[in-house]
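Q: give the three-dimensional model of this entry:
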Amino acid sequence: KFYEEVYKPRYKRLVVQPEEPKEEIQEEAKEEPEPKKEVIRVHYMNPVYQALQYLDYTEKENRTELKSLTGVDPVRIEWCAAFANAILEQSNIKSNKDHKYPLTARAFLDWGEPIVEPKMGDIVVFPRGDQGWQGHVGFYVKEQIIDGVLYYYILGGNQKNSVRVDLYEASKALGVRRSN
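A: Numbers count the residues shown, from 1 in each chain. Here you go, the predicted model:
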């Protein structure tokens, strides 16, 4: 179970549905069981909903699309902050593009309001590299405790050179922010 939920979370089928439930029609039982799906209800303007359309885009195979979205060349520039800004704008949320350093992840520590209990779509900033200005930014999806340690599922760009959901240890977060 640990392997399935932690090391292969991107292969777990994730279905996002609008907040308002629709009538469900029950079908006859099928012979083959369907793969396990995790249904997450989220408003269509939530950044997670907007970012999911780019899930599994890689900086090399989808270079043109990501460059068009973010305004930077993902092969040459660290693009997690540019991706977060683009997704916020698609979600009709004020981005961080007016910051003095809009392409740095840690600039998001000045964006919005600090939050203690994250909700889906909140911005989370983590340290990265050996320089004080370096970092990583992504969108909070959910959390999970593994062996007594709290982890956040983060949906972001430039995670292993692609848009994906990865686990990050919650205690290492520099900050969680929400649009004000």
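Q: check which helix or strand the most centrally placed residue in the chain maps to.
A: Geometric centre of the chain, nearest residue: Leu155, 1.8 Å, by CA atoms, centre = their mean. Leu155 belongs to strand 149-159 when elements are defined using DSSP states H and E.
Q: kindly report the same for Leu69.
A: Assigned by DSSP H and E, Leu69 falls in helix 63-70.
Q: so what secondary structure elements neighbour that helix?
A: Helix 63-70 is packed against helix 80-90, with contacts defined by 3 or more CB pairs under 8 Å, 6 or more residues apart in numbering; DSSP states H and E. For glycine as for every other residue, the C-beta is placed from the backbone atoms N, C-alpha and C.
Q: could you give the angle of the helix it packs on to helix 63-70?
A: Per axes from the mean of the first three to the mean of the last three CA atoms, to 10 degrees, the angle that helix 80-90 makes with helix 63-70 is 60 degrees.
Q: for Arg128, see how far away Pro114 is.
A: 20 Å (CB to CB, to the nearest Å).
Q: got a list of what the nearest residue to Leu103 once chain neighbours are set aside touches?
A: Take Leu103 and drop its neighbours on the chain: the residue closest to it by CB to CB, 6 or more residues apart in numbering is Ala81, 5.1 Å away. Taking CB atoms under 8 Å, 6 or more residues apart in numbering, we find Ala81 in contact with 96, 102-105, 107-108, 137.
Q: just the helices from the protein, written as ranges.
A: Per DSSP state H, the chain carries helices over the ranges 2, 47-52, 63-70, 80-90.
Q: deepest-packed of these, please.
A: Here the criterion is mean neighbour count by mean count of other CB atoms under 10 Å, and of the helices of the chain the winner is helix 80-90, at a mean of 25.
Q: in the protein, where is pLDDT below threshold?
A: 1-44 (pLDDT under 70).
Q: repeat the analysis, applying 90 as the threshold.
A: Scanning the chain for pLDDT under 90 picks out the ranges 1-45, 129-133, 180.
Q: correct me, but Lys97 touches Ala82?
A: No: if you go by CB atoms under 8 Å, Lys97 and Ala82 don't touch, sitting 9.0 Å apart.
Q: where do the strands of this structure begin and end?
A: Assigned by DSSP state E, the strands in the chain fall at 13-17, 37-41, 113-114, 123-127, 135-146, 149-159, 162-169, 175-178.
Q: deepest in the core, which of those strands is it.
A: It is strand 123-127: most buried of these by mean count of other CB under 10 Å, with a mean of 23.
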